[in-house]
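Peer 1: Fold the following, please.
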Amino acid sequence: MDAYAQALMLNTANPNEQTSRQLSVAARWLELWGHKVMISAKRPPAKKDAEMGARPLATDIEGTVAPFRAEPSDARASLRFLEVDDLSNSMRKRVALLRKGDSPASLGLGEDLSPQFAEQLLLQLHRLWCEDKQARAVQRKSASGKADLALGMSSLHFHVTGRPFRQPSSNAELSKTQREEIATFGRIATRDEDEFAKTQLAAIENWQIVDESIAGLRLERISGQNRYVHAQLVAARPADSRVFMLGTIRWLAVDANYVAKLGVRLIPGIPRGIAIRATGINAMNDKYLPALALSAVPALKSPESLVLPVGWFKSQRVIDVFDEQSRPLRMTGVLDRGTDFERVSFEPA
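Peer 2: Numbers count the residues shown, from 1 in each chain. Below you'll find the model as predicted:
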C-alpha cells in the first residue's frame, strides 16, 4: 500500500514540471512519508479550511488517469480516496522549522539540500498533494497555428533586434567606409555577421501551437533538435505575429511517439535588445554583452525590467546599460530567475 501511495503521489507531483533533481528529492521524501498517505474507499468529510479546499484527492482503480480532485457528485464505486492530513501536517511543520533556522538534515529532508531549496519544494509539493487546485486564472483556447522558437541570449538578442550584436560605438569612431555602409545598408557589412545571421536563422525551430492564452503557450515540436530544460529562457513568435515574445519553459514532456512537448509561460512586456557591461575601475576595458529589456505592463502590474545572463544580479549593483545611449542603472531586485537568465528591476544610478 505504501508503494502504491508513493506511485500515485509522485504522479500528482506534476513530473513534467519538475527538474530531475526536484523529482528525485520528491521520490526520496515519499519513501519516508508514504505511510502517511491513507487510501480508503470512503470519501473523507468535506474540509472547511478554504486554503485546503473541499475536493479530496482520488484515483479510479478501474481507470487509466492520474489522481484527480473528485467532485462531490462523483460516486463511482471504483474511486479510492487519498487521505493526506498526516502528510500535510508533517510538511507544514517542516516548513515552519526551516523558517526558524533548522537545517534540512535535522528535519530528515537530506544533507544535500539548502534550506531555500527544501522550503520551496515543500511548499510546491504541498500545494499539489494537499491543497485543492484553483481554476486556471487565464483560460486557454485551442489553436492550430505554428510558432518559431529560439533560445540562448545571443540568439534571442538577434531575433528581437533583427541584426547581429555589435559593440556600441559613436559615429566619430567609425571609418568613412563604415559610415557609408550604415547609410546605404543600415548596418556595417561584415562576413562574420552575415554568417552569424545565417546560423541563427537556420537554428530557429518550428513548433505547433496546441493551445494558447495571454499567459502562455502549449507547443509540440515539428522539427529541430535543440535541448531544452526547465525554467529556460526562450523567444516565441507565432506565425501571425511579427515580433518575438519572451517566455520561460514551465514543463517538458515526450509522448509515446517521441514528439517533444513543452509549456511556455510568457513574460509580460515588449522585448528590445540592449548591451550591458560592468562598471568600476576594473571594468573600464570590458566589452559590452548582449541582454534584453522588457517594457512595463501596468495592467499586469509588471514593471520595466532587464533580462540578464545568470550571475549578473547583485543587490544595489550598478551596471552600464547601452540602450540608444549609455546610462548607469542600479539593480534593485529579482523579479524572475531561471536556469540561464535573471529578470531584475532597476532604478537610475
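
Peer 1: Quick one: residues in contact with the longest strand seen in the chain.
Peer 2: If you go by DSSP state E, the chain has its longest strand at strand 326-337. Contacts with strand 326-337, where a contact means C-beta atoms under 8 Å, 6 or more residues apart in numbering, come from 168, 231, 248, 267, 279, 303, 305-306, 310, 312-321, 342-349. C-beta coordinates here come from the backbone N, C-alpha and C atoms, glycine included.

Peer 1: what do you get for stretch 197-217?
Peer 2: 137-150, 154-155, 158-159, 163-164, 218-224, 226, 236, 238, 247, 250, 261, 263-266.

Peer 1: Between the two ends of that stretch, what distance do you get?
Peer 2: Terminal residues of stretch 197-217 lie 27 Å apart, using C-alpha to C-alpha, to the nearest Å.

Peer 1: still on that earlier bit, buried by neighbour count, from the contacts of strand 326-337: which ones?
Peer 2: 168, 231, 248, 267, 279, 303, 305-306, 312-313, 317-321, 342-344, 346 (16 or more other C-beta atoms under 10 Å).

Peer 1: Mind jotting down where the strands sit in the stretch 101-250 of the chain?
Peer 2: Counting by DSSP state E, counting those that start in this stretch, residue ranges of the strands within the stretch 101-250 of the chain are 141-142, 146-151, 205-212, 216-223, 233-238, 245-254.

Peer 1: Deepest in the core, which of these is it.
Peer 2: Counting by mean count of other C-beta atoms under 10 Å, strand 233-238 has the highest mean neighbour count of these, with a mean of 22.

Peer 1: what lines up beside that strand in the sheet?
Peer 2: Using DSSP bridges, strand 233-238 pairs in its sheet with strand 146-151 (antiparallel), strand 245-254 (antiparallel).

Peer 1: who's in contact with the shortest one?
Peer 2: Under the contact criterion C-beta under 8 Å, 6+ apart, strand 146-151 has outside partners 156, 159, 200, 203-209, 217, 219, 222, 224, 226, 228, 232-239, 244.

Peer 1: Next: stretch 159-167.
Peer 2: By C-beta under 8 Å, 6+ apart, stretch 159-167 touches 150, 154, 157-158, 187-188, 193, 196-197, 200, 204, 235, 237, 243-244, 271-273, 275, 287-288, 290, 292.
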